[in-house]
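**Q** Everything below, folded, please.
(chains A, B, C and D)
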Protein chains: 2
Amino acid sequence: MTNDRDQPAVAPPTLLAVAQRAKVSRSTASRVINGSPQVTEEAIRAVTNAIAELNYVPNRVARSLARRSTQTIAMVIPQHTSKFFADPYFAAVIQGAALHVATTDYTLTLMIESDDDPDKTRRFLEGGNVDGALILSHFSRDAEYISLSRLLPVVFGVRPLTTDDGPYYVVDVDNAEAAALPTRHLVERGRTRVAMIGAPQSMSAGRDRREGWQTTLALAGLDEGPFEEGDFTPAGGAAAMERLLGQGRPIDGLVAASAQMAYGAMGVLKERGIAVPADIAVATIDNNFFSTSAGPPLTSVDLNTDTKGAVMAQTLLRIIAGETVERTTTIPIDLIERDST
Amino acid sequence: MTNDRDQPAVAPPTLLAVAQRAKVSRSTASRVINGSPQVTEEAIRAVTNAIAELNYVPNRVARSLARRSTQTIAMVIPQHTSKFFADPYFAAVIQGAALHVATTDYTLTLMIESDDDPDKTRRFLEGGNVDGALILSHFSRDAEYISLSRLLPVVFGVRPLTTDDGPYYVVDVDNAEAAALPTRHLVERGRTRVAMIGAPQSMSAGRDRREGWQTTLALAGLDEGPFEEGDFTPAGGAAAMERLLGQGRPIDGLVAASAQMAYGAMGVLKERGIAVPADIAVATIDNNFFSTSAGPPLTSVDLNTDTKGAVMAQTLLRIIAGETVERTTTIPIDLIERDST
DNA sequence: CTGAAAGCGCTAACAC
DNA sequence: GTGTTAGCGCTTTCAG
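**A** Next up, the predicted model:
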């Protein structure tokens, strides 16, 4: 005895069982299960009943093998943020994707890229174990995934940072616009020295956001404000704020590339007795718990991240279904005004 | 043309291809792939080379069909919290489980129970599509899952609320202790009128936490303090705090059953000019962003939720492997003292 | 419209 | 130790 429970006591019913009970062949049973039009009403009824009586559920594995399609898509998440879920971004994307997939016959496999064995994930994907993949990492391994996209439908959640162009798809917000929106908002409220705490410039989103901020200031005829880079954490935001202040240049407005960083920056401001929004008006990209719970609550750009997850999944399933899909889908964003500006 | 890309351009290499290249039979190739001891060094070398040259990856689907095991486990999450990830709890459990699974040859499928078609999930699980399941829902459907556990290894993340006993496993913290810890802490600091904002009493965790608080006060010879129930959200915590204050009974200590609720309650206290910890000392169960970002930061019980996720996965895989496992595994918890007490 | 037959790619007795 | 032979449960030509 290996286990104190009698594990797979009963084997689930098979198609054959259903067919026999309905007194038809497996082919016919299979046809009604798959909604083929060429079956008698009568056959449909018989099989349907048999299925209900036996409580039959098709074996996905066998079906996949025969169909040569897995009915499974993967969501690939970078591990390097070992605490990836501390970032509400991932949680939101996954949630959106999972909810969408739940409405289909597909299944969502969550894969965390192992730092130890980075090839494990790639091999898994290349091995024909999934019908497509949703890629959420934003860093250097992009190129590798692009080559993957030649083997398998792939949808990226961020624009890859490479000039290489494979047949890949991207679903993302317009990051330049995401930065332009709060910057413009600040400028319209009369701020003329708008600084930015940006995201890493090694990410396409980081570059795009910086550019959106720069361009907006330039269009308004304003000088480019001071810029410091953060790492998406509150601590990183606080450090960037210190450096910004350390530059000695006057600041009356601040755009943060993420709510976590804005949250960290707010702590520094409060500590130094700098009033928000009186002395410095603050607006941030990304609307989540960090932006709403800062004091005062932050004017934020809602990136609709859960929608993004859902659209990523939907896009991938469309591609798999053979539909022609736009290479790039842009998720709409909204500016939400709060007391910080 | 259905798609502008030539999708499955190249079919992945099969075992047969590897075998031929290595000049052995498929059985032998299969044996070395699965690490059978009864193969020549030479055969191993030949097959290994062939695999490398062909970049072969076993087809999981075919393997599953032959082995009658899917190498897949499911994580089932209730949808009723349509925003389930807004609760850091789920994110943490999923993260822990995913990270553990990533170290094995298993795959993790994320399933959200659909409110529309609640049977979809159950049928999927019963249909032999996974080797086991991790159940995270805590409500009424428990009983149903317990019956599921007769068909398939199942590990619950919370003690089911039922007297029915099937062969199921539970991995959870000791919820009574989770409440006793902060209550005792408050009592030791001289608080004698300790109120509680509890979790719904329809959940086993909610009952256990309430009981832990009650028992601790009784043991200390103190009167039972006022109790109000919240719904795990900051708003619910705030409302509960209002009701608590509305009872008119004196309070000098507060235990919250979740950090979100504590966070909401803190807002009410600040609004009313009630000082923390001077007037009321506050301690909460669960340590996450909500507890650290309250003002002042909250003394909290760290539930090690990511560890819980990992242990859940590990437990399930052990059961699947046929090992004998404890029916109940308790995850250790830690009290973290901060400025709120 | 339906059934028979041939696999999908791999594993697992069972002989040699 | 290794090859041969059957399938795993389902889909899918191909006849009829």
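**Q** Just say helix, strand or coil for the closest residue to DNA strand C within the stretch 101-250 of chain A.
**A** Of all residues in the stretch 101-250 of chain A, A:Gly128 sits closest to DNA strand C, at 7.7 Å by Cβ to the nearest atom of the strand. Any C-beta I mention is one placed from the backbone N, CA and C, and that applies to glycine too. Using DSSP: H, G, I helix; E, B strand; the rest coil, the structure places A:Gly128 in coil.
**Q** Next, count neighbours for A:Ala218.
**A** A:Ala218: 11 surrounding residues under other Cβ atoms under 10 Å in any protein chain shown.
**Q** I should have written A:Ala43 there, sorry.
**A** Counted with other Cβ under 10 Å, A:Ala43 comes out at 18.
**Q** Could you pull up phi and psi at it?
**A** Here is the backbone geometry of A:Ala43 (degrees, to the nearest 10): phi -60, psi -40.
**Q** Look up the closest residue to A:Thr103, ignoring the ones flanking it.
**A** Spatial nearest neighbour of A:Thr103, chain neighbours left out: B:Ser114 (7.4 Å); criterion: Cβ to Cβ, 6 or more residues apart in numbering or on different chains.
**Q** how would you label that neighbour: helix, strand or coil?
**A** With three-state DSSP as the basis, B:Ser114 sits in coil.
**Q** so how far is B:Ala74 from it?
**A** As judged by Cβ to Cβ, to the nearest Å, B:Ser114 and B:Ala74 stand 14 Å apart.
**Q** Which residue of these two possesses the greater neighbour count?
**A** Counted by other Cβ under 10 Å, B:Ser114 and B:Ala74 do not tie: B:Ala74 has more neighbours, with 25 against 14.
**Q** and the more buried one, that one's in a helix?
**A** No. Assignment of B:Ala74 by three-state DSSP gives strand, placing it outside any helix.
**Q** if we can go back for a sec, next, count neighbours for the residue of the stretch 101-250 of chain A closest to DNA strand C.
**A** Neighbour count for A:Gly128, taken as other Cβ under 10 Å: 22.
**Q** so what pLDDT did the residue nearest to A:Thr103 get?
**A** Note for B:Ser114: predicted pLDDT of 77.
**Q** how much space between A:Arg327 and DNA strand C?
**A** Applying Cβ to the nearest atom of the strand, to the nearest Å, the value for A:Arg327 to DNA strand C is 29 Å.
**Q** what do you get for A:Arg60?
**A** As for A:Arg60, its distance to DNA strand C is 12 Å (criterion: Cβ to the nearest atom of the strand).
**Q** That residue: neighbouring residues, count only.
**A** Around A:Arg60 there are 23 residues (other Cβ under 10 Å).
**Q** The one 5 residues further on now?
**A** Each residue near A:Leu65 was counted by other Cβ under 10 Å, and the total is 18.
**Q** again, but for the one 3 residues further on
**A** One way to gauge burial is a neighbour count; for A:Arg68, by other Cβ under 10 Å, it gives 12.
**Q** ok, now A:Arg338?
**A** 18.
**Q** again with A:Ile197
**A** By other Cβ under 10 Å, the residues close to A:Ile197 number 28.
**Q** and the helix or strand harbouring it, what does it pack onto?
**A** Secondary structure from DSSP states H and E places A:Ile197 in strand A:194-198. Applying 3 or more Cβ pairs under 8 Å, 6 or more residues apart in numbering or on different chains; DSSP states H and E, we find strand A:194-198 packed against helix A:175-188, helix A:204-219, strand A:227-229, helix A:234-246, strand A:253-256, helix A:259-271.
**Q** do you know how far the most centrally placed residue in chain A is from DNA strand D?
**A** The C-alpha lying nearest the average C-alpha coordinate of chain A belongs to A:Val93 (Cα atoms, centre = their mean; 3.6 Å). Shown here: A:Val93 relative to DNA strand D, a distance of 31 Å by Cβ to the nearest atom of the strand.
**Q** quick one: low-confidence parts of chain A?
**A** Applying pLDDT under 70 to chain A flags residues A:1-9, A:80-86, A:138-142, A:163-165.
**Q** and the residue of the stretch 101-250 of chain A closest to DNA strand C, what does it touch?
**A** A:Thr70, B:Ala11, B:Pro12, B:Val57, B:Asn59, B:Val61 (Cβ atoms under 8 Å, 6 or more residues apart in numbering or on different chains).
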